[in-house]
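Enquirer: here is a sequence with its predicted model. Questions after.
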Amino acid sequence: MSKVIVDCSRENNYSVAIIDNQGKLDYFSFENCQKKTIKSNIYLGKITRVEYSLQAAFVDYGGDKAGFLPFSEIHPNYYQLPIKDKQNIANELRNEEKNIEEDDENEETEIETDNEDKAEQSKKAYRIYKKYNIQEVIKRGQPVLVQVYKDERGNKGASLTTYISLPGRYCVLMPNSPRGIGISKKIFSYEERKRVSNEVKKFNIPDGTGLIIRTAGMKANIEDLKKDYKYLNNLWKEISTKTVQSRVDGIPIYEEVNIVEQVIRDNYESDEKSEIIINGKQGYNDVVKFAKKIMPHEIDKIKLYNDRTPIFKKYGIDKKLDELLSPIAPLPSGGYLVINPTEALVSIDVNSGKSIHGKNVEETALSTNLEAAREVARQLRLRNLGGLIVVDFIDMDEPKNRRLLEKELQRAFMFDKSKVQYAKVSQFGLIEISRQRMRSSVTEMLTIQCPHCCGTGLVKAPSVVAVDILDSILEQLKDPRFVKKEFLEVLARAEVINHLVVENIKEIDEIQKKYNIKILTTKHHFERNEEYVLRSLEDIGNSQTAIELYHAIAAKYEVASEEKKKRNATLRLFGKILGLKNKMFSKKKKG
């Protein structure tokens, strides 16, 4: 049983969460309608540059940056070859297909594939073409129909492919793939795979078209599979017709559905107690309309949320999201994970914490590691962390315990929709994991870079900034232009100023005596701790900033007598510089 919680109450933001039967958050995604992702969109593009050194082409598809199209992702139909070469290749391919059929009959093999393996399989099927280089068969200005499989990220443009894939509820249609029928690797039962494969063969799928049965298709009957295939086939016909009538203008030929419909199509698990709860009338209507196309028998499970309490508050999802932003993920036994994403990789440290369930150190380590393996898989899926991941498990001496940990990790990643690869436990207790990035991480979706630390998590200590300020003062005073100045003002954050006037007062007095200058300190609300400004008050003159500062000091509330004297002295100094007078703080004449 699972609940899909959808918040469409705000016009430009869609939030989707899935909670399991125990109330644990199993999935979260967020989409800003004004900044839609272009992943899985299909465009008619034009080759703008062919790079021999990269064996890739750059494509103008209408994005901010040119898309990157590797040679391995270019379908051989786009190769510009002489007629004689095409005839020779056609003969070689026919011979290759005969050899494959003979091998299949002798070994009774079965094709196992999924949506993520399409590029690799296509390369094998067309390996005869790989004797060519990209500059020999692809020309500048050549039109190509491309699909985005990686969004633009940072300074990198989008990654493109000409191997189109159209996902449905139970199937994935690949209209220009030669692989025929495939079954998801996550369907393990041989009898089930054989049954589905035999049924799908009756669909009369044309040559040169691939059809992958998704994991959800295992529970579907043959009629649902057939309807899903027809829906995708009609969608491809619409795309083909639109492509012929289109030109390279940046408008997508096919646009992927929004995040809500993606989750219902890809992540919703149908059973008797599952339900989809939607907050927002317009979002509810859109989901019902989409569900009629891909799963009409599930419409009665889609419900409109009418409670006054915000839907994420109602189900406690807002608190769970706050936990996702924390680098620490607690374990039920008392241990915890420390998750640190970086640009190149993600490091995860497993700590036993208060976990004391085992009879000895080895048993405690094994128990905590097995628990951590399940939580690592869950956290990577929830936070959508991809790339290279290194997990530092608690050291274990027994080899059999290491094998148990590897098997537990394999089970934990079994139903992860991203492509995951992992190595064995190293002698240092490390496991390296490679996980495909499906979408932006939770931190990228919900946070911005900290203006104080610029994303590092660290800022300069006040003592270090104070030393920098003193060095800058000395550097400026050695300049002849500053020697004749009477006053120098330091603007910095409050904690830095406090350190200067308390810890560095001797250095400031020595500088004032040596260079015959008055150094004034002013607290300023800089965003970053290391920011400061040095300026000569004579250079301020009658500027509006200085006048406002003068009046701000004059308007301060009553303070202790010592502080009041300092304030009055400061005001008189400002008055002298600015030519302003304030009777309240001017010295009274005798008599």
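Expert: On my side now, so go ahead.

Enquirer: contact partners of the helix or strand that Ala57 is a member of?
Expert: Per DSSP states H and E: Ala57 is located in strand 56-60. Strand 56-60 is touched from outside by 45-51, 66-71, 74, 134, 138, 144, 146, 157, 160, 248, with contacts defined as C-beta atoms under 8 Å, 6 or more residues apart in numbering. Every C-beta, even on glycine, is put in place using the N, C-alpha and C of the backbone.

Enquirer: tell me the strands beside it, with direction?
Expert: Sheet pairing for strand 56-60, assigned by DSSP bridges, gives strand 42-51 (antiparallel), strand 67-70 (antiparallel).

Enquirer: could you dump those into JSON lines with distance to Arg195, mean pLDDT and mean neighbour count added?
Expert: Shown next, in JSON lines, are the strands paired with strand 56-60 (distance: least, C-beta to C-beta, whole Å; pLDDT from 0 to 100; neighbours: other C-beta atoms under 10 Å):
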{"stretch": "strand 42-51", "distance to Arg195": "33", "mean pLDDT": "92", "mean neighbour count": "19"}
{"stretch": "strand 67-70", "distance to Arg195": "37", "mean pLDDT": "92", "mean neighbour count": "21"}
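
Enquirer: and Leu470, which of the ones you listed is closest to it?
Expert: Nearest to Leu470 among the strands paired with strand 56-60 is strand 67-70 (49.9 Å), distances taken as C-beta to C-beta.

Enquirer: from the middle of its chain, how far away would the closest one be?
Expert: Counting by C-alpha atoms, centre = their mean, to the nearest Å, strand 67-70 is centred 20 Å from the centre of its parent chain.

Enquirer: distance of the nearest residue to Gly387 once chain neighbours are set aside from Glu432?
Expert: Closest residue to Gly387 apart from its sequence neighbours, by C-beta to C-beta, 6 or more residues apart in numbering: Leu345 at 6.0 Å. From Leu345 over to Glu432 the distance is 9 Å, taken as C-beta to C-beta, to the nearest Å.

Enquirer: give me the common contacts of the two.
Expert: 388-390.

Enquirer: and which of the residues you listed is nearest Gly168?
Expert: Ile389 (30.5 Å).

Enquirer: buried residues in stretch 322-335?
Expert: Residues 324, 329, 331, 333, 335 are the ones in stretch 322-335 that count as buried (16 or more other C-beta atoms under 10 Å).

Enquirer: please read the previous query as pertaining to stretch 168-178.
Expert: Buried-residue list, stretch 168-178, by 16+ other C-beta under 10 Å: 168-178.

Enquirer: now the two most distant members of those.
Expert: For the buried residues of stretch 168-178, and using C-beta to C-beta, no pair is farther apart than Arg169 and Pro178, which are 24.5 Å apart.

Enquirer: point to the residue nearest the middle of this protein.
Expert: Ser440 (2.3 Å; C-alpha atoms, centre = their mean).

Enquirer: tally of neighbours for the closest residue to that one other than its chain neighbours?
Expert: Excluding its sequence neighbours, the residue lying closest to Ser440 (C-beta to C-beta, 6+ apart) is Asn384, at 7.0 Å. Neighbour count of Asn384, defined by other C-beta atoms under 10 Å: 20.

Enquirer: picking up where we left off before, quick one: which of the buried residues of stretch 322-335 sit in helices?
Expert: Counted as lying in helices by DSSP state H, out of the buried residues of stretch 322-335, are Leu324.
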